[in-house]
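Novice: okay, structure incoming, though there's no sequence with it:
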């Protein structure tokens, strides 16, 4: 049953050292505020899963929280490379990280398999792709009916999934709209799910939603946290637009180890979840 | 007004797209070309982005693959697993349009790593959707600016399959789609031709000897200048019994629409920044 908690309490209650976390969002709805709280609480030795690790995972890697990453695209979308993650992979700074790399199709299938309670995902993939040579978790399985050889990878079963969404209601049911990405599968694949939302309404049923709207029932979620602006600098459809300038600026901030630390000190370690509402105030009018 | 090389690349690429195409669009140069086609000769083209947006009609070019503009203007937005399973793997996509950090003459693409995979010299972003787009879309167009470090004889890592090594075919890897057929650059238009000048759609096409072949030079581009930017021995169309044409200049309409689209995109990004700066 979903409990409405503060961000600090929700992360403290559910996120532990050594866990496998999926903090998902496909460009849209990336739970930055929750990730920053994990950094402030100093968790260590995390395995991070995400299709498109962007600035948030770059920050967590650069702060030394991460021992392994599972991903399918490790870039700053539209701006270039992830410099803290590159520093960890290429130079072992601040610590070496292990990584398991897939394609988007593979990760999407692996989350779906996790949500479906299956041990592995089966799909037609990786043909002629060299990832299959370097990643021992990419294997093949033969269809018992047609004898077609298909790719198989382990399903994704995170200890904790964290997503951001538009709305929850008092009971804890959650509404996700727009580019819904892998949010639903990531929640249903996890042992525990935390959702940060822009706002809490009385009852989602009263909103006149489409009967096919993407709604996660309250009993699939452990904790709901209201954090207006909590996806900044990514965006929340219907609330505020993507802060593209911030993504571009990150390329410079993350290029230098000292500059990165100064930025993290000022904007994350010395901040609280309350700053996010201000960060998006000027981005709301355009949404 | 004449086109810059980058504009010529977008214009030449846009002309290859048809109104009834269902196009899986990569970010950056492919996105510009696909939207230019939609705003000129192919108003009903279906543009799909891997974030799940189907039949999107963005007014400004997205910076990322999942900008709100894409879902706000789409016919429908589906989940990422549905996108890859039903729409791509299901065989609904006619053209996959990819960029490339590094590619070879047979359309194999590397966007993963420079150097050894386990001890990378430069770690690139990786494949994203490309490995399955490259094998499951019925045909692949590639667009990239020519440079010696990008157009190489031997790529460091095969992120996405083209036609494999010389002597191989896609069937070697149990892939039955046509693969890379066109390469559109800032200097030329290339077609995947075998040594008899046959393209993938022609009877008897022998992929074992196929290579990207220069079939059209953009206005003002010399063969010497083109060869300078390519790390493999360049095949010109005459060598396989065809002619090298000159790409028709960008029309006034094509250029006006492209520049208008780029200006709207720039203004939208600037506007977001100005609003933000004013608030700070």
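Specialist: Right, received. Where do you want to start? These numbers come from a predicted model, not from an experiment.
Novice: for whichever residue of the stretch 101-250 of chain A sits closest to chain B, grab the count of nearby residues.
Specialist: Proximity to chain B, evaluated over the stretch 101-250 of chain A using Cβ to the nearest Cβ, is greatest for residue A:128 at 2.9 Å. For every residue, glycine as well, the C-beta is placed using N, CA and C. The number of residues packed near residue A:128 is 22, by other Cβ atoms under 10 Å in any protein chain shown.
Novice: nearest residue to it in space, please, no chain neighbours.
Specialist: residue B:161 (2.9 Å; Cβ to Cβ, 6 or more residues apart in numbering or on different chains).
Novice: what's the helix or strand for residue A:153?
Specialist: Taking DSSP states H and E as the criterion, residue A:153 maps to strand A:149-154.
Novice: now do the end-to-end distance for stretch B:230-248.
Specialist: 23 Å (Cα to Cα, to the nearest Å).
Novice: name the residues that touch it?
Specialist: By Cβ atoms under 8 Å, 6 or more residues apart in numbering or on different chains, the residues outside stretch B:230-248 that reach it are B:8, B:12, B:104-105, B:146, B:148-149, B:151-153, B:188-189, B:191, B:193-197, B:211-219, B:223, B:226-227.
Novice: the worst-scoring helix or strand of chain A on mean pLDDT vs chain B: in contact?
Specialist: Lowest by mean pLDDT, DSSP states H and E among the helices and strands of chain A is strand A:80-81, with a mean of 84. Yes - Strand A:80-81 reaches chain B (Cβ under 8 Å from any Cβ of the partner chain) through residue A:81.
Novice: adjacent strands (with direction) for that strand?
Specialist: The strands that strand A:80-81 pairs with in its sheet are strand A:75-76 (antiparallel) (by DSSP bridges).
Novice: from the chain's centre, how far out does the partner strand sit?
Specialist: How far strand A:75-76 lies from its chain's middle: 14 Å, per Cα atoms, centre = their mean, to the nearest Å.
Novice: can you list the residues that contact that strand?
Specialist: Residues from elsewhere that reach strand A:75-76 (Cβ under 8 Å, 6+ apart): A:52, A:54-55, A:58, A:81-82, A:247, A:250-251, B:124-126, B:128.
Novice: what does stretch A:158-165 give?
Specialist: Applying Cβ under 8 Å, 6+ apart, the contact partners of stretch A:158-165 are A:14-16, A:19-25, A:29-31, A:33-35, A:49, A:114, A:174-176, A:183, A:186-187, A:189-198, A:216, A:227, A:230-231, A:236.
Novice: keep only those of those that are in helices.
Specialist: Assigned to helices by DSSP state H, the following of these qualify: A:14, A:33, A:34, A:35, A:114, A:183, A:186, A:187, A:189.
Novice: which of the residues you listed sit farthest apart?
Specialist: A:33 and A:114 (24.6 Å; Cβ to Cβ).
Novice: can you list the domain ranges for chain A.
Specialist: Chain A breaks down by automatic domain parsing into domains covering A:3-99+A:157-283, A:104-154.
Novice: quick one: the helices in the chain?
Specialist: All of this refers to chain A. In chain A, the helices defined using DSSP H lie at A:7-14, A:32-40, A:55-62, A:83-91, A:104-115, A:131-134, A:183-189, A:244-253, A:257-264, A:275-279.
Novice: not quite, I wanted chain B
Specialist: Counting by DSSP H, the helices of chain B are B:5-14, B:29-39, B:68-72, B:80-82, B:130-136, B:223-228, B:252-279.
Novice: now tabulate those in CSV and tack on distance to chain A.
Specialist: Shown next, in CSV, are the helices of chain B (distance: least, Cβ to the nearest Cβ, whole Å):
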stretch, distance to chain A
helix B:5-14, 17
helix B:29-39, 10
helix B:68-72, 5
helix B:80-82, 4
helix B:130-136, 4
helix B:223-228, 26
helix B:252-279, 4
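Novice: and those helices, which is most packed in?
Specialist: Ranked by mean neighbour count, those are led by helix B:130-136 with a mean of 28 (mean count of other Cβ atoms under 10 Å in any protein chain shown).
Novice: who's in contact with the most centrally placed residue in chain B?
Specialist: Geometric centre of chain B, nearest residue: residue B:142, 3.0 Å, by Cα atoms, centre = their mean. Taking Cβ under 8 Å, 6+ apart, we find residue B:142 in contact with B:97, B:98, B:99, B:100, B:103, B:107, B:109, B:180, B:182, B:183, B:184.
Novice: kind regards, and thank you for your time.
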